[in-house]
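Participant: Next one to model:
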Amino acid sequence: MAAANPKSGGIVIPHAPKWHQRLGAFLVFVALRALLLTVRCRMRERSEFFSPSAPAPVIFCIWHNRLATCVKVLEVHRRPHNSGAGMAALVSASRDGALLARILEWFHIQPVRGSSSRRGAQALRELTTWAERSHDLTITPDGPRGPRYQVQDGITSLAQLTGLPIVPVALNLNWKISAKSWDKFQIPLPFARCEAVVGKSIRVPANASDAEREELRRQLETELRAITRD
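Facilitator: Numbering: from 1, shown residues only. Presented below is the predicted three-dimensional model:
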């Protein structure tokens with residue numbers, strides 16, 4: 001998943017998964033599904049957006065290195081909030097993104113392909129369409145290439161276009177492996193415990209100026225970092 005930039009233009013066709021990526025995606029799905037069955041999650045809210053009376057849909061904002069755990073948390077805990085619709089997630093249009101997109105499809109999450117460097121404007125339009133169909137949206141604001149824990153401005157542009165609130169969610173594992181990638185990607189170990197912290201939501205007014213949107217971006221980054229524990 002990645003933060004799209006509306007300034008990216010042109011018609012760009014995202015990379016489609018090759019046969020070996022489709023096979024790999026299925027194997028990853030099976031292994032991850034089995035692993036996540038052993039992970040215990042506890043929800044802690046600083047917001048009201050997982051309650052049954054919460055407005056729907058919303059934009060969930062989760063760091064890129066928490067992708068392996070987020071499917072379990074969002075699947076289990078968002079249902080009371082928006083049980084009648086699905087979820088769409090922004091995924092890079094790259095070759096690596098093709099593999100991730102296929103994995104998300106196995107988890108019944110609709111991938112939308114795009115990033116700040118490729119297919120950004122098209123991806124924003126597609127995400128807006130899914131929001132109009134009452135789908136929740138999920139963005140990793142520091143993806144697909146970082147810097148780690150730095151919110152890009154694509155998510156605030158999306159919130160301004162759709163009118164949806166941004167809900168920051170931090171997934172803190174007590175037992176994990178951290179990869180040697182740019183984001184130190186986290187893989188939960190069997191029987192790990194996950195504390196899912198829901199931060200204070202942020203809304204971007206439709207008439208927000210560039211300066212106001214930048215201030216809200218900084219607020220979102222501050223809030224998401226405050227609830228994140230490595």
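Participant: just so I have it, where are all the strands in this structure?
Facilitator: 40-45, 59-61, 87-91, 110-113, 136-139, 166-173, 176-178, 186-188, 193-198 (DSSP state E).
Participant: Out of those, which is closest to residue 69?
Facilitator: strand 166-173 (4.7 Å; CB to CB). (Glycine included, C-beta is placed from N, CA and C.)
Participant: which one is residue 201 nearest to, not counting chain neighbours?
Facilitator: Take residue 201 and drop its neighbours on the chain: the residue closest to it by CB to CB, 6 or more residues apart in numbering is residue 165, 4.3 Å away.
Participant: Surely the one you found and residue 200 touch.
Facilitator: No: the pair residue 165 / residue 200 is not scored as a contact, 9.9 Å apart, by CB atoms under 8 Å.
Participant: How are the helices of this structure distributed by residue range?
Facilitator: Along the chain, the stretches classed as helices by DSSP state H are 19-36, 67-77, 79-82, 95-106, 120-132, 154-162, 210-226.
Participant: Ok, which of these comes nearest residue 182?
Facilitator: Ranked by CB to CB, the member of the helices of the chain that lies closest to residue 182 is helix 95-106, at 12.2 Å.
Participant: how far is the closest one from where the chain is centred?
Facilitator: 13 Å (CA atoms, centre = their mean, to the nearest Å).
Participant: Could you list the low-pLDDT ranges of this protein?
Facilitator: The chain contains residues with pLDDT under 70 at 1-16, 47-55, 76-84, 115-119.
Participant: cutoff 80 now
Facilitator: 1-19, 21, 45-56, 74-85, 93-96, 115-120, 143 (pLDDT under 80).
Participant: Could you tell me the phi and psi values at residue 62?
Facilitator: phi -140, psi 140 (degrees, to the nearest 10).
Participant: Check the gap between it and residue 17 for me.
Facilitator: Note on residue 62: its distance to residue 17, by CB to CB, to the nearest Å, is 23 Å.
Participant: can you put the strands of the chain in TSV and add distance to residue 205?
Facilitator: Formatted as TSV, these follow (distance: least, CB to CB, whole Å):
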stretch	distance to residue 205
strand 40-45	24
strand 59-61	15
strand 87-91	22
strand 110-113	24
strand 136-139	18
strand 166-173	13
strand 176-178	38
strand 186-188	34
strand 193-198	22
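Participant: so can I have TSV of those strands showing distance to residue 21 and mean neighbour count?
Facilitator: Output for the strands of the chain, formatted as TSV (distance: least, CB to CB, whole Å; neighbours: other CB atoms under 10 Å):
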stretch	distance to residue 21	mean neighbour count
strand 40-45	29	13
strand 59-61	25	25
strand 87-91	13	27
strand 110-113	13	24
strand 136-139	21	26
strand 166-173	25	25
strand 176-178	23	15
strand 186-188	19	20
strand 193-198	28	19
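Participant: Compare those strands and give me the one nearest residue 229.
Facilitator: strand 166-173 (4.4 Å).
Participant: ok so, going back, more neighbours: residue 62 and residue 17, which one.
Facilitator: More neighbours surround residue 62 than the other of residue 62 and residue 17, with 26 against 20 (other CB atoms under 10 Å).
Participant: dump the residue contacts of that one.
Facilitator: 1, 70, 138, 139, 140, 168, 169, 170, 171 (CB atoms under 8 Å, 6 or more residues apart in numbering).
Participant: Cheers, nothing more for now.
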